[in-house]
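J.: Predicted structure and sequence below. I'll ask about it afterward.
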Amino acid sequence: MTFQIVGAGAGAGKTWHIQETLKEWVTEDAIRPERILAVTFTETAASELKGRIRGALLAESRLEEAAAIERAYVSTIHSLGNRILTEHAFAAGLSPSLRLIEDAEAELLLRRAMADAETLRVFTDDLAAHGYAWSYTGGDATDTFRRDLRAAIAKLNELGEFGDDPKLPARAAEALKTDWPKTDASGDKLDAGLRRSIEAMLKAFPDGIVDWAKSAAATNDFTSNYRDLQRGLSDHTYTDWAWWQRLTSLRVKNNRQPTPEGYDDLAEAVMQAAGALARHPGPKNEAAQRLQLLLAGAQEVRRLFAQAKERLGVVDFGDMIARAEALLRARPEAVAAMMDGIDCVIVDEFQDTNPVQFALLAHLIKAAPRVVLVGDGKQAIMGFQGADARLAAALAAQRPNAAHTLDTNRRSVPGIMNLVNDLGAGLFSDYAPLAPHRSAAGGPPIDVMRVENKTATSKGAPLAKGSHHIAERIRSLLEEKRTIIDRTTNTPRPMQPSDVAILCRTHSKARDYADCLTQLGIPVDLAEDGWFTSEVVTVARAALAVIADPSDAFSAVIFLTHGPAAVSLEAALTAVLDGNLAAHPALASLEALQDHASSWTATRLLAGLRTDAGLDDWAAGLEDPARAHADLARLDAEAAAFEAADPVTRAASGVFGWDIRSFLAWLAIRADAGDNARPDPSGSTARGVKIATWHASKGLEWPVVCVTGLDWTVGERANTLRIEFTGWDVPETLLEGATIHYHPVVACREVAEHFAAVRREPAAVTERCLSYVAMTRARDLLVLEWPDYVKEDADTVSRLLVEEGKLELGTGEITVGKSKHPARLTNHGKAFPGSFADKGIETATEAEVRPGRPETPGPRGAPLFLRPSDGGEATALWSLETHALGAALPREAFDDASLRGSALHLAMRVFLQRPDRAIDLSAATGLSPETLAALKEQARSLRQTLAEHGFTDLHPELPFDTEIAGGTRVRGTVDLLGLSQDGREAVIIDYKSPAPESPVEAAQPYLAQLGAYVGALSTLRPETRLARAGIHFLGSGTLAWGSPSM
């Protein structure tokens, strides 16, 4: 038996190695080309591999063999599983003509299975009892529970049929108890000790000490502490582990806040008693029971889902692997029959197999006369999809003599590869360096941009972030026509936008870089979500709704105002109020299609919309016509899938019939299930700077690569499931006895730190691999956005490179260990780079006229559509004054500044409009009690100040859409509109999060935005005079306002 395990580092030419190995075997008559079985992980890779082998044989004048390669089985692993099931259908108990279920059908069946699973009743009857509650970032309790359930199902799917082992949930629960830090046998003594300390505290201070508070924050703390202490008089509270944790941090005296004599000693006793939570067995037992129930419920959902698919005679992609593996495991004769026609087995990207895929391939590998496994443990980054690189490593360890490592990199210039080799030696214990094959570049191939700032604003002033500096660097490279080597022609040429990639850690971060590039006029290629709510799909759905129901005024207004007619919102609403909406001329095309609503399919009606209703022509005139048409194309595909869906499946989801209403319901279910990705409009032709995540960049390369996100924290997220195996000796039986381990979400800080520490190294392994993948995507120039703002003790990827990779940044060079690498190093502070400063930070350039919309009368150059943040009237010289509204806000740890801003806005709206719901704000916003207390005081003071000036009628978060002078439409939301009692005078307040030292100066950049509000108000309410307008800086509790001179 010939067995090769080939280690193929980044750019090492693995496809070339496979091609040459197979060519050699064919030309030596060791194998027949049609008897090759090769497994890849994408259809594109399979097609490329087959073409490369054919070309190599043609080059050797082996025409017959080159033709025979078409009969070779080169496919993805899912296609391989499908072939096994088709060829052995009767043995597997399946139809020989299997149908692959559509994603939408599968989602409907899965949701029905979730609803029918009796095991899950214990959760769904009382989600709160199991720790599920609404949160600002996570959504409602049901959504959170569904995510957990889906994660459990996905983990069970990785085990194939062994995921249905009835003993598996109990094993997982016991494993969690074993992984937990040592606890007491019983929690009774701990409960009693905490209760005694609480009773002593309340006996001494029965009414609390809120009267001692010297500030709003102290008032809130003492009130919250007293409330928690009072809860300690009830027995059922002692299973609220978050309550225990809160009691470990009661407020005591400090330099600015005294407390009564004896209070601190009693508080310390309570905190010490509550600090024993880490030893309490209650959280451990609850978490283990919850995990066991969740996995048992997930198993039941899997069974119900499988039964539903069997009734319909369909399979999904998971079945293709799991059922094929089960068949080969149970029937050795099926393995023999399949391998009887195979001379060799080739597996590409072997490190990316998950457990059940590995088991399937192991059956074939064991019976194959020749085997070549190609992979690279340093690129094992697909763990989030279930891949487990330990499987390939264990197989390699069993066959040490079969290992062979490719030693040449054909992608990157020497400067990049030498840096990667030196870093790799520190990051990976078994690193094998790759010798660069290409010649050196003309200039330094490494560019390190040391960024000092992470935040968007400070003291009211906007600040530059890494995204601004990266965008500016790309602009300068394009402007200077940086030379790169064309991969196809291997000749020098000037750099183009499509030669550049920016690699980010998350999709949300990618949007920042896209926005900055767009502002500089640089085209962007970014995959996005939001298809269901995209402009063109929203208009199309509204049109279909009107066709299905002509009385649907809401949908008609959406079609009129957002669609081809571009009717003003005021005119559309006037038509509604006057009862003339149905007769609006712009709805005539929809009226013509209404006659066919009951007889035409969704596909045919969509075709009518695109032509007769002018949707295609309108989409061609949008800001991004290629993406708009791609969105419409997906809508057509969804209509076709809807018509092909099994009626029983659709009925099970509550979708009956074939009419337009049913199709719209189908689309809503698809979007609600998370299938909301916008299709790539570019096809095979890149449109601009590619912005992708580190994970998505695997297998790709660009001449210039900008690696961002080095400030990413190393660590495994809580609420993560993983699979552990009892032994690695027999690959075919690896799945037997597998156990699921869980990283729990816990209230106790000490227990959380324990699990984080235990899982830190596996997480670091992934980060090492991701860093290697990201940096080896570059061919000619590697740009690193280095986060100088990261603290030295922070556990980030940048610190990983420094501490393990031995990387040091110098002047004009990077040092790694004892090696020095020439590099361009630049420092970037909080000031905006020149191109952004030239364009203005707060005021965007004029919007382009969209040819698909009717011309709007107005001065030449006036934008058709405007957001308030784009600027309005020229910033008039307002006479601003300041007014203190209350305490400044404490600092909050929010991952996303926009989320913090939204949370602050929501809190202000509640305090001003629905103070009775303020009790829900903590859970709804994630804001701390201190912040909410300060906001409550600011809202009270703001209301009082406005009332003193005659503004008693307050309208928070007021949306508007109107046409101002010059024909420009302005759309936006006023944070707060205050009206006098007779409605003749108004005030506009805009909230901003910062805490500026000089509110008057900090307000200046926002006056243009206020000018847009002023112009909109004068159009919407010509009878109302704007008496005042201003900025409420929430961070400092300061109002900067005055009377605009218009």
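T.: Received the coordinates, thanks.
J.: mean confidence score for stretch 690-699?
T.: Across stretch 690-699, the average pLDDT comes to 94.
J.: How far does the helix or strand containing Q1009 sit from its chain's centre?
T.: Q1009 belongs to helix 1007-1020 when assigned by DSSP states H and E. Offset of helix 1007-1020 from its chain centre (CA atoms, centre = their mean, to the nearest Å): 35 Å.
J.: Quick one: name whatever helix or strand follows that helix.
T.: Counting by DSSP H and E, the next helix or strand C-terminal to helix 1007-1020 is strand 1025-1033.
J.: Report all helices and strands that the helix holding Q1009 contacts.
T.: Applying 3 or more CB pairs under 8 Å, 6 or more residues apart in numbering; DSSP states H and E, we find helix 1007-1020 packed against strand 951-963, strand 969-980, strand 985-992, strand 1025-1033. In short, each C-beta sits where N, CA and C put it, glycine included.
J.: now these in CSV, with mean pLDDT, distance to A823 and mean neighbour count?
T.: CSV is the format used below for those (pLDDT from 0 to 100; distance: least, CB to CB, whole Å; neighbours: other CB atoms under 10 Å):
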stretch, mean pLDDT, distance to A823, mean neighbour count
strand 951-963, 82, 49, 17
strand 969-980, 81, 45, 20
strand 985-992, 91, 39, 21
strand 1025-1033, 89, 41, 22
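J.: These: which one's closest to M339?
T.: Ranking the helices and strands packed on helix 1007-1020 by their distance to M339 (criterion: CB to CB) puts strand 969-980 first, at 64.8 Å.
J.: hmm, back to that, tell me the buried residues in the helix holding Q1009?
T.: Neighbour counts using 16 or more other CB atoms under 10 Å place 1007-1018, 1020 of helix 1007-1020 among the buried residues.
J.: distance between the ends of stretch 70-77?
T.: Counting by CA to CA, to the nearest Å, you get 18 Å between the two ends of stretch 70-77.
J.: What lies in contact with that stretch?
T.: Residues outside stretch 70-77 that contact it (CB atoms under 8 Å, 6 or more residues apart in numbering) are 33-43, 46, 49-50, 53-54, 80, 83, 321, 353, 357, 360-361.
J.: Counting neighbours, which bits of the helix or strand encompassing L635 end up buried?
T.: According to DSSP H and E, L635 maps onto helix 625-644. Buried residues in helix 625-644, defined by neighbour count with 16+ other CB under 10 Å: 625-632, 634-635, 638-639, 642.
J.: Is it possible to get CSV of those residues that adds distance to L912?
T.: Shown next, in CSV, are the buried residues of helix 625-644 (distance: CB to CB, whole Å):
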residue, distance to L912
P625, 42
A626, 44
R627, 39
A628, 39
H629, 44
A630, 43
D631, 38
L632, 42
R634, 42
L635, 41
E638, 42
A639, 45
F642, 45
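J.: ranges for the strands of the stretch 401-550 of the chain?
T.: Using DSSP state E, counting those that start in this stretch, the strands of the stretch 401-550 of the chain run over 403-405, 408-409, 435-436, 446-451, 457-458, 461-462, 483-485, 492-494, 500-504, 524-526.
J.: any low-confidence regions in the stretch 701-850 of the chain?
T.: Within the stretch 701-850 of the chain, the ranges that satisfy pLDDT under 70 run 837-850.
J.: Okay, strands next: where are they in it?
T.: Secondary structure of the stretch 701-850 of the chain (DSSP E, counting those that start in this stretch): strands located at 702-707, 720-724, 739-743, 778-787, 807-809, 813-816, 819-822, 824-828.
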